[in-house]
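**Student:** with the sequence up front, the predicted model follows.
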Amino acid sequence: MNILLKTARAAAILITSAVAALAVAGNANADTVKIGVAAEAYPPFTVPDASGNWSGWEIDFMHAVCKDQQMDCKIVPVAWDGIIPALTSGQIDAIVASMGITPERRKIISFSDKYYTSSTVVVAPKNIKVDPEPKSLAGKVIGVQVATIYERYAQKHLRDSTIKTYQSQDEVNQDLISGRIDAVLADGIALQAFLDSNAGACCEIKGEVKRDTDIMPGAGVGIGLRKGEDALKTKFNKGIANIRANGTYDAITKKYFDFDVYTD
């Protein structure tokens, strides 16, 4: 009888341990946050190497926020024009990809507090005399990345220009270098990184476009989240606030920029 009792108790302990182990594993998986980044390079924010490892200001920022909030974050590269559908369908849990907070996007997804701000500029070869005004760009071929606020702005305001769209910003920049387009409309910080490179020595910023508050409301760039994910949103907001308060944000920024990327 004692042997039977001992056997039964041992079996119960094994079952309890197995259930506990499964619970821990389930919690670990639940705590893994899949971070969607645009699959192509977007220096100095996100840059993949040949082995699939990612670096850049935005990658460092993301890791700092996740560490602060004790979240296990995993990078998942997604094509830019499919990154919001990937979020809403559950393939990823958040977007950290220089996504501007706009009223149109807010209809579909939610956003964290902003984590950086940038202006929209026109870049063209140094020997071309243009400015950001639509009249000056009339008749010119303007390159923009598809599914961005820059494409929306160009389609709305540069109606007398030819708008050429590309899957990645790097493709836009390459066609500018080769002379297949006359100018580029994009994020000022990302374009400055291009201009600072040897390849970008051909060109210069011609000025900042006038902000269209419907397309570029000035709310900055935020982490994209599914609507209703309030707990995750709270974690990201706390993480952003904490790394800005404790100096981590500034330390990361100084590695890449000599100016403040948080303020407008």
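**Tutor:** That came in fine, so what should we check first? Quantities reported herein were computed from a predicted structural model and do not represent experimental measurements. Residues are numbered from 1 along each chain as shown.
**Student:** for the rest of this, base every contact and every neighbour count on C-alpha atoms.
**Tutor:** Fine.
**Student:** poorly predicted segments of this structure, please.
**Tutor:** 1-30, 264 (pLDDT under 70).
**Student:** need the nearest residue in space to the residue nearest to the spatial centre of it, chain neighbours excluded.
**Tutor:** Taking Cα atoms, centre = their mean, the centroid of the chain lies closest to Ala97, which sits 1.0 Å from it. Residue nearest to Ala97 in three dimensions, not counting chain neighbours: Val37, with 5.1 Å by Cα to Cα, 6 or more residues apart in numbering.
**Student:** that neighbour and Pro77 touch, don't they?
**Tutor:** Yes. Using Cα atoms under 8 Å, Val37 is in contact with Pro77, at 5.0 Å.
**Student:** sorry, back to before: so who does the residue nearest to the centre of the chain touch?
**Tutor:** Shown in contact with Ala97 (Cα atoms under 8 Å, 6 or more residues apart in numbering): 36-38, 46, 58, 223.
**Student:** let's see that with 10 Å instead.
**Tutor:** Contacts for Ala97 were tallied using Cα atoms under 10 Å, 6 or more residues apart in numbering; they are 35-39, 42, 45-46, 58-59, 77-78, 80, 83, 221-224.
**Student:** now swap in Glu171 and tell me
**Tutor:** 40, 143-145, 165, 177.
**Student:** the stretch 151-264 of the chain: helices as residue ranges?
**Tutor:** Using DSSP state H, counting those that start in this stretch, the helices found in the stretch 151-264 of the chain span residues 169-178, 188-195, 230-245, 248-256.
**Student:** related to what we said a few turns ago, so the residue nearest to Ala97 sits in a strand?
**Tutor:** Yes. Val37 forms part of a strand when assessed by DSSP: H, G, I helix; E, B strand; the rest coil.
**Student:** can you give me the end-to-end span of stretch 242-249?
**Tutor:** End-to-end span of stretch 242-249 (Cα to Cα, to the nearest Å): 9 Å.
**Student:** tell me the buried residues in it?
**Tutor:** 242-244, 248-249 (16 or more other Cα atoms under 10 Å).
**Student:** tell me the one of those nearest Lys206?
**Tutor:** Tyr249 (29.9 Å; Cα to Cα).
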